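In: This is a predicted model, with the sequence first.
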Amino acid sequence: MTRTPTTPTLPSILAAIASQAAAVTGILYYFGWAYSRAFFGYFGVDVNMLSYSTQDYVLRSLNGAFYPATITLFVVVVLVSVWQLPELHAIRSRRPRRTLRRWVAAISATGSLLLTVVLLAMLLPFNLGTGTIVLPLLLIVGAALLGYAGVLRRRYPIWLRTVRQRRIRPERTAWVHVQSFGLVALIALGYLWAVGAAADRQGHADAQHAEAAHFVDRPSVLIFSKERLAIEGSGATVGEITAPNEKYRFVYSGLWLLARTSDRYFLIPQRWAVARDRVFILRDSDDLRIDIARNP
């Protein structure tokens with residue numbers, strides 16, 4: 001009896017779209033959090049002090065995630081283009097079975113070698129010297145190669161089994177599902193690892209670039225205060241207001257706005273340098289007036 005293919009219903013389509021949107025949002029959130037942690041961590045600020053929301057992290061990830069997302073889509077297009085290369089090469093060769101066996105053996109050996117390298121690098125005090133982005137990429141490629149080898153084995157069981165192997169009982173479906181789930185989980189973990197490593201590197205690099213460029217993209221800040229504040233640093237200056245009947249007695253200049261929350265301002269002196277200057281945190285209150293101006 002032939003089954004008639006069912007037409008997807010609107011609820012099923014909406015559920016699929018919602019699940020994909022949730023996955024993308026989760027990846028963007030993780031990228032934004034890792035980026036913010038690395039960027040503000042360069043200045044000694046714990047990202048948890050900023051109290052960013054999920055929307056804040058997602059928005060902060062859009063510019064930085066564009067490059068990794070483009071590379072991911074490019075790799076997917078390339079993989080789709082070369083997906084059937086081993087099969088086509090085997091079919092066009094004089095000995096298709098032997099050719100396909102060699103392809104599967106080479107793919108399996110390469111995948112196992114890459115996963116072994118990742119495992120040893122994680123267990124041993126071994127540094128690749130090229131950044132943490134290498135290990136997650138090796139994990140993704142290794143798991144993907146093993147999964148592809150398994151797909152070829154299940155697609156061409158007669159070609160890839162010798163006469164002796166054909167007498168062996170075929171793999172159980174449950175075991176195949178467990179293997180597939182494990183490889184998919186490794187690929188997903190590797191991708192999250194790679195995204196986090198890329199965001200961490202980019203956040204650290206952007207913080208270094210901002211310091212080298214003297215924070216030209218940050219707004220300047222003037223602080224008017226009733227009392228003297230413990231604000232000092234490279235470029236920060238303080239002046240005293242002596243005019244009568246003035247509410248504020250001191251004015252601080254030479255400061256950049258690093259970040260702002262609902263009740264706090266994170267300020268740095270204009271010539272801030274790592275391991276030398278501090279970040280000043282001011283709570284919004286009636287004793288302060290904070291003016292923000294565009295950096296000329």
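Out: Nice, I can see it. Numbers count the residues shown, from 1 in each chain.
In: The protein - how does it break down into domains?
Out: 10-211, 220-293 (automatic domain parsing).
In: helix, strand or coil for the residue nearest to residue 108 when sequence neighbours are not counted?
Out: Leaving aside its sequence neighbours, residue 108 sits nearest to residue 149 (Cβ to Cβ, 6 or more residues apart in numbering; 4.4 Å). All C-beta spots, glycine's among them, are computed from the backbone N, C-alpha and C. Three-state call for residue 149 (DSSP: H, G, I helix; E, B strand; the rest coil): helix.
In: Pretty sure residue 149 sits against residue 101.
Out: No - Residue 149 is beyond contact range of residue 101, at 11.0 Å (criterion: Cβ atoms under 8 Å).
In: which of these two has more neighbours?
Out: residue 149 (22 against 18; other Cβ atoms under 10 Å).
In: contacting residues around that one?
Out: By Cβ atoms under 8 Å, 6 or more residues apart in numbering, the contact set of residue 149 is 104, 107, 108, 111.
In: Quick check: closest non-adjacent residue to residue 44.
Out: That would be residue 279: by Cβ to Cβ, 6+ apart, it lies 6.1 Å from residue 44.
In: per-residue confidence for residue 146?
Out: Reading off the confidence values, residue 146 has pLDDT 90.
In: I'd say it and residue 110 touch.
Out: No - when contacts are counted by Cβ under 8 Å, residue 146 is not listed as touching residue 110 (9.0 Å).
In: Compare those two (neighbour count), which wins?
Out: residue 146 (22 against 15).
In: Which residues belonging to the longest helix along the chain are considered buried?
Out: Scanning the chain for the longest helix, with DSSP state H as the assignment, gives helix 173-212. By neighbour count with 16 or more other Cβ atoms under 10 Å, helix 173-212 contains the buried residues 183, 186-187, 190-204, 206-207, 210-211.
In: So which residue is dead centre in this structure?
Out: residue 195 (2.5 Å; Cα atoms, centre = their mean).
In: tell me the mean pLDDT over the one helix or strand residue 266 maps to?
Out: In the assignment (DSSP states H and E), residue 266 maps to strand 264-269. Mean per-residue pLDDT for strand 264-269: 92.
In: State the number of residues packed around the nearest residue to residue 215 once chain neighbours are set aside.
Out: Leaving aside its sequence neighbours, residue 215 sits nearest to residue 256 (Cβ to Cβ, 6+ apart; 4.7 Å). Using other Cβ under 10 Å, residue 256 is surrounded by 23 other residues.
In: and what of the one 3 residues further on?
Out: Burial measure for residue 259: 21 neighbouring residues, criterion other Cβ under 10 Å.
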